[in-house]
Each structure stands twice: as structure tokens, then as C-alpha cells.
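1. No letters, just coordinates:
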């Protein structure tokens with residue numbers, strides 16, 4: 001039996017919402033408190049929970065109340081900025097389940113990398129003000145304690161709403177989604193959309209939990225639903241501000257379920273009266289507009305004319321713009337359109353430092369947790385080509401160097 005969790009986030013995701021959903025799923029309160037107590041920072045916060053109503057639906061709200069007046073010498077005790085190494089040693093020293101510890105360290109590491117990319121400093125120097133204050137440590141470690149207690153084999157997550165407006169941060173006002181959240185989404189190519197709500201919906205903590213632990217972002221996987229946990233957000237919104245955690249058993253062969261599927265649109269037309277230069281230009285335009293793949297095949301047409309079959313593969317939401325380009329740039333009078341499913345590997349982009357320079361590597365994997373398998377590792381063609389020209393070496397030399405650096409870093413990089 002494969003046990004699955006699915007995070008459904010119609011109003012986004014935050015650390016306290018994750019905690020609420022887990023407590024609602026049956027995570028024992030005392031077990032959570034005891035785990036967090038082993039971090040040795042219990043003087044800095046107080047945890048409480050209650051059932052609240054969000055637009056008429058009841059859900060569990062977890063409050064992390066910071067104890068700012070606990071020590072009269074340090075009224076601003078919880079503003080003490082922690083850096084990544086200090087947080088890592090707190091987690092390392094705590095008596096937590098092995099997986100909860102490993103996941104917590106990975107989430108904080110992802111968060112620090114995202115913040116460091118935003119501020120242009122090394123991850124170790126990131127000042128954890130917004131994210132690293134006590135409440136983020138409680139949210140992240142508490143969530144990992146809960147997910148470990150649930151003993152899930154696989155975790156999935158829905159697409160995420162962008163939110164909007166601005167929030168007040170340490171550096172002044174930031175537009176929503178905040179830079180760290182956008183950076184985290186980018187690492188996993190997370191599908192995002194606007195639900196029209198102009199508030200901060202996804203926090204850096206929530207985004208880091210999801211991108212670090214979720215195997216795939218999209219529709220719920222096939223499962224037999226056994227439990228649902230509802231975690232309430234702090235604000236009342238136009239739709240119920242609730243994170244739903246679905247728990248269930250996989251209803252397919254687990255080997256099958258590891259291969260993710262997505263819906264794509266396939267556009268096709270055949271052309272027999274167009275200059276090859278125009279065909280090349282059209283392909284460039286289609287790829288620039290967001291087509292996933294474009295290709296041509298030579299075909300024999302009526303009256304024994306030679307022609308080409310132009311095929312475009314794109315996401316359904318870019319089909320309209322791709323059709324517009326085909327009609328505008330070519331002589332075709334009609335385009336066939338079909339919707340298909342394609343199986344895809346989970347994809348991640350890694351930045352690799354080689355002796356020639358930085359190369360982006362696409363990593364394709366399937367599975368989750370200890371079963372995660374890396375299937376395909378491909379350096380980005382353009383990065384290798386630019387470095388090969390610059391250093392006057394072969395493209396293959398740069399590409400092989402990038403793969404070998406990636407493989408030597410793999411031990412340090414594994415999450416699960």
C-alpha cells in the first residue's frame with residue numbers, strides 16, 4: 001500500500017496552515033509539543049490551537065505566539081536574527097525523527113538559497129528575519145514532525161495562486177508574490193495562476209515546504225481518500241482561507257503512479273507553398289511564445305506535391321497564441337487541434353559551477369523519498385555552447401565537465 005498526501009492550496013500555503021492541517025489530520029498535540037521542545041527554544045514561543053470558521057467551514061488554526069516580554073533584558077528577543085548555520089545546528093542537536101530532521105534541514109537550506117539569490121549574498125550569510133524568526137523554525141520543524149508521523153510515501157501539491165498587492169517587510173514594501181517565493185517557484189517550475197485575491201497568499205515558509213517535499217505540482221493523483229485535514233489561514237478572504245491536506249492510498253500500481261501526467265494540446269497543419277526561411281522563422285516565433293516543442297516532417301501531398309507537416313506541442317493555455325502565429329506567418333487555411341496526455345519526469349534546474357563557468361543542468365527524476373530515482377541529467381545546450389566558444393574547447397568537453405561536477409555534488413545534494 002502506497003500512502004499519499006496532497007496539499008490543496010486554493011488560498012495559498014503558509015507554515016501555520018500546514019500545522020493546522022496536520023493537527024486536523026490527527027497529529028497528537030503533545031507529540032508535536034514534545035518534538036518542538038527538543039529544539040531548546042520553547043521560552044521564545046507559545047503554541048495554541050482552536051477550531052475556527054472560515055466562510056462557514058470549520059478548520060483548525062494553530063497559533064505560534066512569540067513570547068517577546070518573557071526576558072525583561074531582551075524585549076526584542078524574537079527579533080534576534082539567526083543565520084542558516086545556527087538554525088542547522090539547532091535542528092541537528094534536537095531529538096527528532098531522522099526524516100523530520102532531514103526534511104527540516106532541506107527546507108531551511110532551500111529557503112536560504114532563495115533568499116541568497118534575491119539579496120546577492122551566500123546562503124550562510126542570509127539574515128533570517130522574515131523567515132528565520134522563531135515562528136518559521138516552529139512552522140517548518142513542526143510540519144516535518146507531522147508529515148513524518150503521518151508516514152506518507154508520497155506528497156503532491158496543487159498549483160499555487162500568486163496573490164497580489166504589497167506587504168511591509170524589513171527592507172520596506174515588497175510586491176506580492178515576494179521575491180523569495182518567486183525564486184522558490186522557479187526552482188520547480190511550479191504552475192501558478194491568479195485567483196483574483198490581492199493579498200499575500202503564499203509565504204516563503206509555505207513555498208519552501210512545498211517545493212522541497214512535494215514530488216509533483218498539479219491535479220490530485222489517483223487515490224482512495226481516507227482522511228482530510230483542514231488548516232485555517234489567519235485572514236478571512238473571498239473564498240474559504242483553508243489549506244486542505246488529502247490523505248489516501250494509491251489506487252494504481254505504485255510503479256505507474258510515479259510517472260506524472262499532464263494535459264497538452266497538439267496543433268497540426270500541412271503546407272506545400274511556403275519558403276523554408278519562413279518555416280524556420282515561424283518555428284522560432286512559436287518557441288518564443290511558449291510552445292513546448294515544434295517540429296516539421298516532409299510529406300507527399302495531393303497532386304504529388306512535396307510539403308511539410310508542422311506539429312506544435314503546447315500547454316492548453318498557450319494554444320490560442322500558437323494558432324495565431326501559425327495563421328499569421330504561414331499560408332495555411334486550417335489547423336487541427338487535439339488534446340492529449342503526456343507522461344513526464346519531475347524536473348529540477350540545478351546551477352553547476354564548472355572550471356569553465358556556470359552551467360544550468362536539467363535533472364529528471366521519478367519517485368519520492370527513499371525511492372526517488374534520478375533518470376536523466378542534461379546540461380543546458382546554450383550554456384555549454386557559450387562557454388565552449390569563450391574557452392575554445394569542444395561543447396562536449398564543457399557538457400561532460402558539468403555532468404561530472406553534478407555527480408560529485410550529488411551526495412551533498414540529496415534531500416531524501
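-> Yes, it's here. Just so it is clear, the structure is predicted and the values come from calculations on it, not from any experiment. Numbering: from 1, shown residues only.

2. quick one: the strands in the stretch 151-300 of the chain?
-> Using DSSP state E, counting those that start in this stretch, the strands of the stretch 151-300 of the chain run over residues 154-157, 160-161, 166-169, 172-175, 192-193, 216-217, 223-232, 242-250, 260-271, 293-300.

3. among those strands, which is nearest residue 60?
-> Residue 60 lies closest, by CB to CB, to one member of the strands of the stretch 151-300 of the chain: strand 223-232, at 6.0 Å. C-betas here are computed from N, CA, C, even on glycine.

4. The closest one vs strand 242-250, what angle?
-> If you take axes from the mean of the first three to the mean of the last three CA atoms, to 10 degrees, strand 223-232 sits at 160 degrees to strand 242-250.

5. can you pull out the strands in the stretch 301-416 of the chain?
-> 306-314, 336-344, 346-353, 358-366, 373-379.

6. Please apply the same query to the stretch 1-150 of the chain.
-> 3-8, 45-54, 57-66.

7. angle of the first one against strand 223-232?
-> Using the same axes, to 10 degrees, one finds that strand 3-8 and strand 223-232 are set 50 degrees apart in direction.

8. Let me know the average pLDDT across strand 3-8.
-> The average pLDDT for strand 3-8 rounds to 95.

9. How about stretch 42-51?
-> Regarding stretch 42-51, the rounded mean pLDDT is 88.

10. any idea how far it is from the chain center?
-> Here stretch 42-51 is found 28 Å from its chain centre; the criterion is CA atoms, centre = their mean, to the nearest Å.

11. And for it, what's in contact with it?
-> When contacts are defined by CB atoms under 8 Å, 6 or more residues apart in numbering, stretch 42-51 is touched by residues 20, 23, 29, 32-33, 36, 58-67, 70-71, 77-78, 134-135, 138.

12. related to what we said a few turns ago, what about the strands of the stretch 301-416 of the chain, which gets the closest to residue 115?
-> The closest of the strands of the stretch 301-416 of the chain to residue 115 is strand 346-353. By CB to CB, the value is 15.5 Å.

13. for that closest one, packing partners?
-> Helices and strands touching strand 346-353, by 3 or more CB pairs under 8 Å, 6 or more residues apart in numbering; DSSP states H and E, are helix 179-188, strand 358-366, helix 395-413.

14. swap the cut-off to 10 Å and go again
-> Counting contacts by 3 or more CB pairs under 10 Å, 6 or more residues apart in numbering; DSSP states H and E, strand 346-353 packs against helix 179-188, strand 216-217, strand 358-366, strand 373-379, helix 395-413.

15. returning to that earlier point: take the contacts of stretch 42-51 and, keeping just the buried ones, write it as a PyMOL select command.
-> For the buried members of these, the matching PyMOL selection, counting by 16 or more other CB atoms under 10 Å, is:
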select buried, resi 20+23+32+36+59+60+61+62+64+66+77+78+134+135+138
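
16. Which residues lie in contact with the spatially most distant residue from the centre of the chain in this structure?
-> What lies farthest from the middle of the chain is residue 303; by CA atoms, centre = their mean that is 52.1 Å. Shown in contact with residue 303 (CB atoms under 10 Å, 6 or more residues apart in numbering): residue 272.

17. try residue 8
-> Per CB under 10 Å, 6+ apart, neighbours of residue 8: 21, 156-159, 220, 228, 230, 242-246.

18. Make JSON lines out of the helices and strands packed on strand 346-353 and add distance to residue 272, mean neighbour count and mean pLDDT.
-> Putting the helices and strands packed on strand 346-353 into JSON lines (distance: least, CB to CB, whole Å; neighbours: other CB atoms under 10 Å; pLDDT from 0 to 100) gives the following:
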{"stretch": "helix 179-188", "distance to residue 272": "42", "mean neighbour count": "21", "mean pLDDT": "93"}
{"stretch": "strand 216-217", "distance to residue 272": "42", "mean neighbour count": "22", "mean pLDDT": "92"}
{"stretch": "strand 358-366", "distance to residue 272": "36", "mean neighbour count": "17", "mean pLDDT": "88"}
{"stretch": "strand 373-379", "distance to residue 272": "35", "mean neighbour count": "15", "mean pLDDT": "86"}
{"stretch": "helix 395-413", "distance to residue 272": "36", "mean neighbour count": "15", "mean pLDDT": "83"}
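
19. Tabulate those (CSV), appending distance to residue 289.
-> Shown next, in CSV, are those (distance: least, CB to CB, whole Å):
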stretch, distance to residue 289
helix 179-188, 20
strand 216-217, 23
strand 358-366, 21
strand 373-379, 23
helix 395-413, 27
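
20. wait, doesn't residue 100 sit right on residue 143?
-> Yes - using CB atoms under 10 Å, residue 100 makes contact with residue 143 at a distance of 9.0 Å.

21. which of these two has more neighbours?
-> residue 143 (28 against 21; other CB atoms under 10 Å).

22. distance of the closest residue to that one other than its chain neighbours from residue 365?
-> Spatial nearest neighbour of residue 143, chain neighbours left out: residue 18 (4.3 Å); criterion: CB to CB, 6 or more residues apart in numbering. Here the criterion is CB to CB, to the nearest Å. By it, residue 18 lies 24 Å from residue 365.

23. Repeat that for residue 89.
-> Taking CB to CB, one finds residue 89 at 30 Å from residue 365.

24. again, but for residue 357
-> 25 Å.

25. related to what we said a few turns ago, let me know which of the strands of the stretch 1-150 of the chain is the nearest to residue 395.
-> The nearest among the strands of the stretch 1-150 of the chain, by CB to CB, is strand 3-8 at 40.7 Å.

26. What pairs with that closest one, parallel or antiparallel?
-> Paired strands of strand 3-8, with direction, are strand 154-157 (parallel), strand 242-250 (antiparallel) (DSSP bridges).

27. Out of those, which one sits most buried?
-> Stretch with highest mean neighbour count among those: strand 154-157 (a mean of 23; mean count of other CB atoms under 10 Å).

28. what about residue 294, neighbour count?
-> Neighbours of residue 294 using other CB under 10 Å come to 20.
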